[in-house]
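Engineer: how would this look folded up:
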Amino acid sequence: MPKKKLKDLCDAEDFFDYYHVPYHSEILNLSRVHILKSFQNLLQKEGCFDADSSDNEVWNIQRALLFRAYHEFVKPTPARQKFFPTFYERNGTFYAFDQINNKGVEKK
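Structural biologist: Residues are numbered from 1 along each chain as shown. The predicted model follows:
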């Protein structure tokens, strides 16, 4: 488990690296604020926002919540396609978690 604490993390990549959550860099770059806001809301809703992430059980719960927040933004929706048409024309492919590594989509 990482030695950093949740409050020491400063950007989206830090959160994903800390929790070992794979991500597609273009999706993260496009939706980082929304993903982190959703993650914060989920943490607060589950009562884990101020929990000690050095506790293995808490860390696992927080990790699952980050997966959940990220997954909300992986698949394009009509609203996102309307606001980011160029991105989805070029990059609108759905990437399953098993196709993604910590630095982006695995090359086949």
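Engineer: pLDDT weak spots in this protein?
Structural biologist: The chain contains residues with pLDDT under 70 at 1-4, 75-108.
Engineer: Relative to P22, how far out is the closest residue to V58 other than its chain neighbours?
Structural biologist: Here the nearest residue to V58 in space, its sequence neighbours aside, is A51; by Cβ to Cβ, 6 or more residues apart in numbering that works out to 4.5 Å. In this view, the C-beta of every residue, glycine as well, is placed from N, C-alpha and C. Going from A51 to P22 by Cβ to Cβ, to the nearest Å gives 23 Å.
Engineer: for K5, same thing?
Structural biologist: K5 is 22 Å from P22, by Cβ to Cβ.
Engineer: who's more crowded, those two?
Structural biologist: P22 (18 against 11; other Cβ atoms under 10 Å).
Engineer: ok, the more buried one to L36 distance?
Structural biologist: Distance from P22 to L36, by Cβ to Cβ: 16 Å.
Engineer: again with S53
Structural biologist: On the measure of Cβ to Cβ, S53 and L36 end up 15 Å apart.
Engineer: Same check on D55?
Structural biologist: 22 Å.
Engineer: Neighbour count: these two, which is higher?
Structural biologist: Under the criterion of other Cβ under 10 Å, the comparison of D55 against L36 puts L36 first, with 18 against 12.
Engineer: which residues does that one contact?
Structural biologist: Residues in contact with L36 (Cβ atoms under 8 Å, 6 or more residues apart in numbering) are A12, F15, A69.
Engineer: can we see that at 7 Å?
Structural biologist: Applying Cβ atoms under 7 Å, 6 or more residues apart in numbering, we find L36 in contact with A12, F15.
Engineer: where do the strands sit along the chain?
Structural biologist: 100-101, 104-105 (DSSP state E).
Engineer: which residues in the protein form helices?
Structural biologist: Along the chain, the stretches classed as helices by DSSP state H are 12-18, 25-45, 56-71, 78-83, 85-91.
Engineer: So which of these has the densest surroundings on average?
Structural biologist: helix 12-18 (a mean of 19; mean count of other Cβ atoms under 10 Å).
Engineer: packing partners for it?
Structural biologist: Helices and strands touching helix 12-18, by 3 or more Cβ pairs under 7 Å, 6 or more residues apart in numbering; DSSP states H and E, are helix 25-45.
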